[in-house]
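J.: Predicted model, plus sequence, below.
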Amino acid sequence: MKSKKILVTGGAGFIGSAVVRHLINDTNDQVINVDKLTYAGNLESLTPVSDNPRYTFEEVDICDAKEIKRLFKQHQPDIIMHLAAESHVDRSIDGPGDFIQTNILGTYNLLEQARDYWTNLQPEKKTGFRFHHISTDEVYGDLEGTDDLFTETTPYAPSSPYSASKASSDHIVRAWNRTFKLPTIITNCSNNYGPYHFPEKLIPLVILNALAGKPLPVYGKGNQIRDWLYVEDHARALVLVAICGKIGETYNIGGRNEKQNIDVVNTICELLEELAPNKPKGINNYKDLITFVMDRAGHDMRYAIDASKIQKELGWTPQETFESGIGKTVQWYLDNQEWCKHIQDGSYQRERLVNYS
Ligand code: NAD
Ligand code: DAU
């Protein structure tokens, strides 16, 4: 297949870096990684591919219209994969401003620059152009008390400043497709986990706190349900949608791995008993570190995705089960203590526990 130029925003983040590694390792496409390098962006997650001549990094804020215009002109991308965002629900409760700025205004800016660039493309390049907006299942709100699954037609009902900002950006993307005919596609995915996950999210936080003999904070009763997907399965789905998805469509992506938070935390503790039996001084069982703390404000109880559309129409299925994926993930954190150390030397010191205890 002819090599494409793919501009990935947020490529230094957790999912973006998995997409960039996948594109460089498994395709012949060129990647332009556009990232502001906030606290969540880490170029060390790209070390495995950053020397590849098909990879370029641009440290740019997606809200900067002049710079985004320059990037489109200079790199002439065929596809935009837009992942850059503020992504942590707890941070959006502490301070929603950056979420409004990046997730809503940043997406608006990117769309406007893309529209200007696309409008002036030569016919052949114009026909192939795509803007893929990467979003979340949290836009659909809470499934508490039902067996329902989120489908592509579930009405939007976001609960947190984060999910409201993502819902807003989804609506704006759809409007740019309908009104201006910009060729857009949207994906909404469930909770990801896997290597290079920033340790303020549940799974990496629990692994690293356990290894350090620190409390494992479980919000409320720990009975909230999330649908977990291994990040490399998500990356494969995203590249498939970006290249083969139908313009104007939405695809839900999920693993059908619904787990209560407390079960996820217990599973990690059990894996660590096997894989890291030499515990910090004074710790008999990793599970003894589990600490129930104050619940998240507005906490959604259950998310679950119906991924049958992407499975039927594009032939995507996840390669990992939760059991295989969580085993690989725990082992990755044990094998990559340097990456973890550097991340923790920086701005983030697992401060959520302080705020919620
Ligand atoms: P992340 O927080 O790990 O990474 C976000 C990246 O975006 C970082 O590299 C950061 O530096 C960059 N960024 C932030 N603001 C920017 C700006 N103004 N300009 C340029 N770059 C900026 O996020 P993630 O977990 O990798 O999520 C990526 C995308 O996928 C987000 O849009 C998120 O909403 C969506 N998503 C995440 C999950 C999940 O489970 N993590 C699930 C579904 C969808
Ligand atoms: O559903 C997709 C979403 O998944 C993405 O859109 C978000 O970007 C991503 O951060 C994630 O959101 P969550 O809020 O579900 O992820 P988090 O890892 O923060 O929390 C997972 C669950 O665990 C949630 O119910 C809150 C709970 N939790 C979280 C932390 C950090 C705890 O019980 N203790 C904790 O310390």
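T.: Right, received. Where do you want to start? Ligands and ions are numbered 1, 2, ... in the order given.

J.: what's next to stretch 111-119, contact-wise?
T.: With contact meaning C-beta atoms under 8 Å, 6 or more residues apart in numbering, stretch 111-119 is reached by 65, 68-69, 72-73, 80, 126, 129, 131, 172-173, 176, 180, 182-183. All C-beta atoms are positioned from the backbone trio N, CA, C, and that covers glycine.

J.: same thing but 7 Å
T.: With C-beta atoms under 7 Å, 6 or more residues apart in numbering as the test, stretch 111-119 has contacts from 65, 68-69, 72, 80, 126, 129, 131, 172-173, 176, 180, 182.

J.: Assess the claim that Ile80 and Phe131 are in contact.
T.: Yes: with contact defined as C-beta atoms under 7 Å, Ile80 reaches Phe131; the gap is 4.7 Å.

J.: Check whether Leu105 sits in a helix, strand or coil.
T.: Put simply, Leu105 is helix when judged by DSSP: H, G, I helix; E, B strand; the rest coil.

J.: residues near it, how many?
T.: The local packing of Leu105 (other C-beta atoms under 10 Å) involves 16 other residues.

J.: Stretch 123-132 and ligand 1, are they touching?
T.: No: interface with ligand 1: stretch 123-132 contributes nothing (C-beta under 6 Å from any ligand atom), its closest point being 11.2 Å away.

J.: For that stretch, measure first residue to last.
T.: Using C-alpha to C-alpha, to the nearest Å, the end-to-end distance of stretch 123-132 comes to 20 Å.

J.: hmm, who's touching that stretch?
T.: Contact with stretch 123-132 is made by 78-82, 114, 118, 121, 182-185, 241-242, 247, as judged by C-beta under 7 Å, 6+ apart.

J.: which bits of the chain sit near ligand 2?
T.: For the chain, the contact set with ligand 2 under C-beta under 6 Å from any ligand atom comprises 87-89, 136-138, 190-191, 201-202, 205, 217-219, 224, 226, 261, 296, 303, 352.

J.: quick revisit: going by distance to Tyr108, which of the contacts of stretch 111-119 wins?
T.: The closest of these to Tyr108 turns out to be Ile172 (C-beta to C-beta; 5.8 Å).

J.: Please report the distance of the closest one from ligand 1.
T.: 14 Å (C-beta to the nearest ligand atom, to the nearest Å).

J.: Just the ones of the residues of the chain next to ligand 2 in strands?
T.: 136, 191, 217-219, 226 (DSSP state E).

J.: Excluding chain neighbours, what is closest to whichever residue of the stretch 251-357 of the chain sits closest to ligand 1?
T.: Using C-beta to the nearest ligand atom, the single residue of the stretch 251-357 of the chain nearest to ligand 1 is Ile253, 8.0 Å away. Spatially, and ignoring its direct neighbours in sequence, Ile253 is nearest to Cys189 (4.1 Å; C-beta to C-beta, 6 or more residues apart in numbering).

J.: got the contact list for the one you found?
T.: Shown here is Cys189, whose contacts under the criterion C-beta under 7 Å, 6+ apart are 136-137, 229, 234, 253-254.

J.: Run through the residues that contact the nearest residue to Asn191 once chain neighbours are set aside.
T.: With C-beta to C-beta, 6+ apart as the measure, Arg226 is the residue that lies nearest to Asn191, at 4.4 Å, once sequence neighbours are left out. Contacts for Arg226 (C-beta under 7 Å, 6+ apart) come out as 190-191, 259, 261, 303.

J.: In CSV: the residues you listed, plus pLDDT and neighbour count.
T.: Shown next, in CSV, are the contacts of Arg226 (pLDDT from 0 to 100; neighbours: other C-beta atoms under 10 Å):
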residue, pLDDT, neighbour count
Ser190, 98, 24
Asn191, 98, 22
Lys259, 98, 18
Asn261, 98, 19
Tyr303, 97, 22
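
J.: Now for those residues: which two are most distant?
T.: Using C-beta to C-beta, these span at most 13.9 Å, a distance reached by Ser190 and Asn261.
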